[in-house]
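K.L.:
Could you work out the structure for the sequence below:
(chains A and B)
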Amino acid sequence: GQQVMQIPQYQHVQEGEDFTTYCNSSTTLSNIQWYKQRPGGHPVFLIQLVKSGEVKKQKRLTFQFGEAKKNSSLHITATQTTDVGTYFCADSGSSNTGKLIFGQGTTLQVKP
Amino acid sequence: DAGITQSPRYKITETGRQVTLMCHQTWSHSYMFWYRQDLGHGLRLIYYSAAADITDKGEVPDGYVVSRSKTENFPLTLESATRSQTSVYFCASSGQGNNYGYTFGSGTRLTVV
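P.N.:
Residues are numbered from 1 along each chain as shown, chains lettered A, B, ... in the order given. So this is what the prediction gives:
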């Protein structure tokens, strides 16, 4: 079945450094959603990308959908300690069942 | 998000016992989902439901049963708990399926001893 791979699995950065996580698939992605989960918390929806090449920004966060719709990325500029958590990408797959296929997540640690 | 609640937050049960995890949402969302989260495995779909009385298996359904007699409730039952079912369980809902983000509950941390 379809798999969504995220890299890296873990990332430690110094506060103020940038951070990027990548979401890759062997098949064409439908809609990509990004979620953030704080330590001990639950995943929280951040954004959805639908169109090839789409770029969306939320303050210091930049989300991008690849031109071939086989990859996506989340870039955080000048990380802060509040950015700590696990970031998941998820794809809705080819069928409109409501199901999301989640990547394994990238856990970000930020050193103050 | 107060609109989707899970109970209990924490549960310890013994191997072989039946346990039910509750999920209630107040938005009348059509879609509801149960995921388990384990270290190294991310979020894995157990069961999902597109509407009341419509349920379907996800990636890891064995050992679990769900029902959805009312739109707002989607309980998950472990028929005979095993240690491998020790996990954090998240319920989620979505209004329009694939095109809208999920809203997750706060989770239930289940330990099977």
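K.L.:
Could you identify the helix or strand that succeeds the longest strand along chain B?
P.N.:
For chain B, the longest strand by residue count, based on DSSP state E, is strand B:42-51. Using DSSP states H and E, the next helix or strand after strand B:42-51 towards the C-terminus is strand B:54-57.
K.L.:
Could you export that following strand as CSV, CA atoms only?
P.N.:
Provided in CSV are the C-alpha atoms of strand B:54-57 (Å, rounded to 0.1, in the frame of the first residue of the first chain):
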residue,chain,number,x,y,z
ILE,B,54,-20.9,2.7,8.7
THR,B,55,-17.5,1.5,10.0
ASP,B,56,-14.5,0.0,8.2
LYS,B,57,-11.2,-1.5,9.2
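K.L.:
what's it packed up against?
P.N.:
Contact analysis of strand B:54-57 by 3 or more CB pairs under 8 Å, 6 or more residues apart in numbering or on different chains; DSSP states H and E lists strand B:42-51 as its packing neighbours. In this view, the C-beta of every residue, glycine as well, is placed from N, C-alpha and C.
K.L.:
At which residues are the strands of chain A located?
P.N.:
A:4-7, A:10-14, A:19-25, A:32-37, A:43-49, A:55-58, A:61-65, A:71-76, A:85-91, A:101-102, A:106-111.
K.L.:
For those, give me a markdown table that also has mean pLDDT.
P.N.:
Shown next, in a markdown table, are these (pLDDT from 0 to 100):
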| stretch | mean pLDDT |
| --- | --- |
| strand A:4-7 | 93 |
| strand A:10-14 | 97 |
| strand A:19-25 | 96 |
| strand A:32-37 | 96 |
| strand A:43-49 | 95 |
| strand A:55-58 | 97 |
| strand A:61-65 | 98 |
| strand A:71-76 | 97 |
| strand A:85-91 | 95 |
| strand A:101-102 | 89 |
| strand A:106-111 | 96 |
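K.L.:
What sits closest to whatever residue of chain A ends up closest to chain B if chain neighbours are left out?
P.N.:
Nearest residue of chain A to chain B (CB to the nearest CB) works out as A:Phe45 at 3.1 Å. Leaving aside its sequence neighbours, A:Phe45 sits nearest to B:Gly101 (CB to CB, 6 or more residues apart in numbering or on different chains; 3.1 Å).
K.L.:
I'd assumed A:Lys36 was in contact with the one you found.
P.N.:
No: assessed by CB atoms under 8 Å, B:Gly101 is found out of contact with A:Lys36, at 11.5 Å.
K.L.:
joint contacts of these two?
P.N.:
Common neighbours of B:Gly101 and A:Lys36 (criterion: CB atoms under 8 Å, 6 or more residues apart in numbering or on different chains): A:Leu46.
K.L.:
Tell me how far the spatially most central residue of chain A lies from A:Val55.
P.N.:
Among the residues of chain A, the one closest to the centroid is A:Cys89, at 4.1 Å (CA atoms, centre = their mean). Noted for A:Cys89: a distance of 15 Å to A:Val55, by CB to CB, to the nearest Å.
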